[in-house]
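Chemist: Fold the following.
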Amino acid sequence: MNSEEVENARIGAIIETGFKDFETGNTLTEDEMVATFEKYGWHK
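Modeler: Below you'll find the predicted structure:
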């Protein structure tokens, strides 16, 4: 594998891991994000 192929494989793995969040319900709606992170200045 060359370096570009290695990087593409690494990025692909990161993306696939992100999709697991949807499968497990590990996501927040925008309203939930506001309620959770508003005290830190999110969504002002």
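Chemist: what's the spacing between the residue nearest the centre of the chain and residue 12?
Modeler: Taking CA atoms, centre = their mean as the criterion, residue 18 is the residue nearest the geometric centre of the chain, at 5.0 Å. Distance, residue 18 to residue 12, by CB to CB, to the nearest Å: 11 Å. Backbone N, C-alpha and C define where each C-beta goes, glycine included.
Chemist: just residue 42 next, same as before
Modeler: As judged by CB to CB, residue 42 and residue 12 stand 29 Å apart.
Chemist: what do you get for residue 19?
Modeler: For residue 19, the distance to residue 12 equals 11 Å [CB to CB].
Chemist: likewise residue 5?
Modeler: Between residue 5 and residue 12 the computed distance is 10 Å (CB to CB).
Chemist: just checking, next helix/strand downstream of the longest helix along the chain?
Modeler: Ranked by number of residues, the top helix in the chain under DSSP state H is helix 3-24. Per DSSP states H and E, the first helix or strand lying C-terminal to helix 3-24 is helix 30-37.
Chemist: can you give me how far that following helix is from the chain middle?
Modeler: Computed by CA atoms, centre = their mean, to the nearest Å, the chain-centroid distance of helix 30-37 equals 16 Å.
Chemist: pLDDT (mean, whole number) over it?
Modeler: What helix 30-37 shows for mean pLDDT is 91.
Chemist: Quick one: residues in contact with it.
Modeler: Contact with helix 30-37 is made by 28, 42, 43, as judged by CB atoms under 8 Å, 6 or more residues apart in numbering.
Chemist: neighbours of residue 27, just the number please.
Modeler: 10 (other CB atoms under 10 Å).
Chemist: how about the nearest residue to it, chain neighbours excluded?
Modeler: Leaving aside its sequence neighbours, residue 27 sits nearest to residue 21 (CB to CB, 6 or more residues apart in numbering; 5.5 Å).
Chemist: So the one you found is in contact with residue 28, correct?
Modeler: No: using CB atoms under 8 Å, residue 21 makes no contact with residue 28, being 9.9 Å away.
Chemist: Using a markdown table, lay out the contacts of helix 30-37 together with neighbour count and distance to residue 34.
Modeler: Listed next are the contacts of helix 30-37 as a markdown table, based on neighbours: other CB atoms under 10 Å; distance: CB to CB, whole Å:
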| residue | neighbour count | distance to residue 34 |
| --- | --- | --- |
| 28 | 12 | 9 |
| 42 | 11 | 7 |
| 43 | 11 | 5 |
